[in-house]
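Student: Sequence first, predicted coordinates after that:
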Amino acid sequence: MKYTVEKIEDGKKAKFSFKLTAAEWEENINSAYEKNKGKYALDGFRKGHVPRKILERYYGEGLFFEDAFNDNFPKYYTEALEKETWAEPVDRPEIDISSIDKKGISFTATVILKPEVELGAYTGIKVKKSDYPVTEKEVEEELEKARERGARFIDVTDRAVQKGDMINLDYSGSVDGVKFEGGTAKNQSLEIGSGSFIPGFEDQIIGKNIGENFDITVKFPDNYHAENLKGKDAVFNITVNEIKTRELPNLDDDFAKDVSEFDTLEDYKKDIENKLKEESTKRAETENENKLMDAIVANAKVDIPECMVNDELDAMLRDFEYRLMYQGLKLDDYFKYLNITEDDFKKDRREDALRAVKTRLVTEAILKAEKIECDDESLEKLYVETAAKNNKDVSDFKKSLTERHIAYYKDQVVLEKLLKFIKENNILE
């Protein structure tokens with residue numbers, strides 16, 4: 001197999017021109033015949049035993065040309081790419097067969113190349129530093145959340161329903177006098193004011209007493225998930241079975257002992273403060289890294305092929321679908337609920353995809369320019385840290401790693417080195 005290669009369209013694409021000799025092409029055709037001869041039967045021959053020449057005479061000389069090409073093109077294309085390491089395709093090749101017969105085959109494979117990045121300034125950049133000092137109010141809010149989690153509900157029998165109560169109720173809903181699916185329930189728990197039910201539903205229960213039976217009228221939202229109920233007026237017949245009120249624990253040492261490992265409220269508050277500081281430090285650090293990277297990416301120039309943006313959008317869609325699955329949802333149902341299409345989803349995220357691709361390309365260019373690579377010492381350190389976090393012996397941990405895992409940890413080492421380089425060579429003020 002002989003080939004030539006040239007850059008075309010201002011270096012955005014590479015065009016590989018291949019030519020196979022008659023002998024090479026004959027070998028491919030014969031392989032295709034051996035692979036597919038079992039499909040054919042002619043009078044006078046057992047199925048799978050018809051000689052190739054007879055099949056070609058009967059069906060035409062080019063009977064096995066397509067299979068011969070499809071079976072062997074990947075081999076020739078891969079061999080060429082392995083030799084021409086400068087050519088990094090970002091899409092499938094566009095094939096054009098210029099001549100094909102018994103004497104040989106000539107064809108071209110034109111591919112879009114990974115674009116070259118023109119790095120701008122990526123050191124000496126100044127960005128405004130993010131900082132999130134922890135306030136006493138935030139500590140108090142966390143304490144209040146802990147109180148909410150530790151609350152208990154006390155039966156109420158001497159008053160009507162109030163906002164914040166937890167009630168038990170029976171209800172039956174109807175539209176135009178006809179009950180609808182999912183509109184009836186017995187002994188349903190509902191926190192008044194939670195917004196769990198249709199707007200207006202909970203407000204109309206306030207002031208009602210235990211055992212009281214009454215009707216309320218509500219309107220289903222126009223964007224309600226059930227098509228048959230969107231924008232419809234509904235009547236719910238309701239009976240309040242019981243009322244409970246939330247009782248919050250006192251903020252004292254006993255409370256601290258109940259909800260934490262600490263013996264005093266002061267120690268518990270200090271622990272909350274320390275954890276909030278740790279979270280705010282990580283938040284600020286991530287924001288600062290992103291700010292620096294955004295500035296570096298903005299300074300760079302690169303002409304991104306549309307196929308790379310589309311691939312990124314496809315990846316974003318797959319990732320989103322995967323996350324929905326973990327929530328027990330289907331992508332199609334999500335689209336129906338929001339009344340959008342896959343194209344709408346991708347259109348809304350196009351700028352994010354473009355930014356992600358450019359960031360990746362710029363990152364690769366910096367790594368290459370600064371010769372930032374994974375080294376054995378850093379990788380071993382990461383293995384030790386990860387094993388310790390998972391309470392595993394580092395030797396056992398390393399034995400359990402697949403090639404995919406190893407590649408992931410190598411990427412983590414490179415990423416940490418890159419972030420360190422960026423933070424040490426730019427300015428947060």
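Tutor: Noted; the coordinates are in hand.

Student: Helices of the stretch 101-250 of the chain, start to end?
Tutor: With DSSP state H, counting those that start in this stretch as the criterion, the stretch 101-250 of the chain has helices at 136-149.

Student: Listing request: residues of it with sub-threshold pLDDT.
Tutor: Scanning the stretch 101-250 of the chain for pLDDT under 70 picks out no residues.

Student: quick one, helices of the stretch 251-400 of the chain?
Tutor: 253-259, 265-299, 306-326, 331-338, 342-348, 350-370, 376-389, 394-399.

Student: And stretch 47-56, what's buried?
Tutor: Using 16 or more other C-beta atoms under 10 Å as the test for burial, stretch 47-56 gives 50, 52, 55-56. Every C-beta, even on glycine, is put in place using the N, C-alpha and C of the backbone.

Student: ok, residues contacting that stretch?
Tutor: For stretch 47-56, contacts defined as C-beta atoms under 8 Å, 6 or more residues apart in numbering pick out 30, 33, 37-42, 45, 63-64.

Student: do the same with stretch 276-285
Tutor: 129-134, 138-139, 142.

Student: weakest of the helices of the stretch 251-400 of the chain by average pLDDT?
Tutor: Averaging pLDDT over each of the helices of the stretch 251-400 of the chain singles out helix 331-338 as the lowest, with a mean of 90.

Student: Just the angle for that one relative to helix 306-326, thanks.
Tutor: Angle between the axes of helix 331-338 and helix 306-326 is 90 degrees (criterion: axes from the mean of the first three to the mean of the last three C-alpha atoms, to 10 degrees).

Student: Relative to residue 130, how far out is residue 332?
Tutor: Using C-beta to C-beta, to the nearest Å, one gets 39 Å for the distance from residue 332 to residue 130.

Student: out of the two, which sits in the busier spot?
Tutor: Higher neighbour count among residue 332 and residue 130: residue 130, with 16 against 11, using other C-beta atoms under 10 Å.

Student: Which residues are in contact with that one?
Tutor: Contacts of residue 130 (C-beta under 8 Å, 6+ apart): 283-284, 287-288, 291.

Student: let's see 10 Å
Tutor: Contact analysis of residue 130 by C-beta atoms under 10 Å, 6 or more residues apart in numbering lists 280, 283-291, 428.

Student: do residue 342 as well
Tutor: Residue 342 touches 313-314, 317, 331-332, 335, counting by C-beta under 10 Å, 6+ apart.

Student: filter the residues you listed to the buried ones?
Tutor: Counted by 16+ other C-beta under 10 Å, the contacts of residue 342 give 313, 317, 331 as buried.

Student: For residue 422, what is the enclosing helix or strand?
Tutor: Using DSSP states H and E, residue 422 maps to helix 403-424.

Student: Which elements pack onto that helix?
Tutor: helix 265-299, helix 350-370, helix 376-389, helix 394-399 (3 or more C-beta pairs under 10 Å, 6 or more residues apart in numbering; DSSP states H and E).

Student: Kindly reformat those helices as CSV containing mean neighbour count and distance to residue 259.
Tutor: Putting the helices and strands packed on helix 403-424 into CSV (neighbours: other C-beta atoms under 10 Å; distance: least, C-beta to C-beta, whole Å) gives the following:
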stretch, mean neighbour count, distance to residue 259
helix 265-299, 15, 8
helix 350-370, 16, 40
helix 376-389, 13, 26
helix 394-399, 12, 34
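
Student: between those helices, which gets nearest to residue 108?
Tutor: Of all the helices and strands packed on helix 403-424, helix 350-370 sits nearest to residue 108, with 26.7 Å by C-beta to C-beta.

Student: now the closest one and helix 403-424, what's the angle there?
Tutor: On the basis of the same axes, to 10 degrees, helix 350-370 is oriented at 80 degrees to helix 403-424.

Student: okay, helix 350-370 in PDB with CA atoms only?
Tutor: Presented in PDB, the C-alpha positions along helix 350-370 are these (Å, rounded to 0.1, in the frame of the first residue of the first chain):
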ATOM      1  CA  ARG A 350     -24.000  25.400  22.500                       C
ATOM      2  CA  GLU A 351     -21.900  28.200  24.100                       C
ATOM      3  CA  ASP A 352     -21.100  25.900  27.100                       C
ATOM      4  CA  ALA A 353     -19.900  23.200  24.600                       C
ATOM      5  CA  LEU A 354     -17.800  25.700  22.700                       C
ATOM      6  CA  ARG A 355     -16.200  26.900  25.900                       C
ATOM      7  CA  ALA A 356     -15.500  23.400  27.000                       C
ATOM      8  CA  VAL A 357     -13.800  22.400  23.800                       C
ATOM      9  CA  LYS A 358     -11.700  25.600  23.700                       C
ATOM     10  CA  THR A 359     -10.700  25.100  27.300                       C
ATOM     11  CA  ARG A 360      -9.600  21.600  26.600                       C
ATOM     12  CA  LEU A 361      -7.600  22.600  23.500                       C
ATOM     13  CA  VAL A 362      -5.900  25.500  25.400                       C
ATOM     14  CA  THR A 363      -5.100  23.300  28.300                       C
ATOM     15  CA  GLU A 364      -3.400  20.700  26.000                       C
ATOM     16  CA  ALA A 365      -1.400  23.500  24.400                       C
ATOM     17  CA  ILE A 366      -0.100  24.800  27.800                       C
ATOM     18  CA  LEU A 367       0.800  21.300  28.900                       C
ATOM     19  CA  LYS A 368       2.800  20.800  25.700                       C
ATOM     20  CA  ALA A 369       4.400  24.300  25.900                       C
ATOM     21  CA  GLU A 370       5.400  23.800  29.500                       C
END
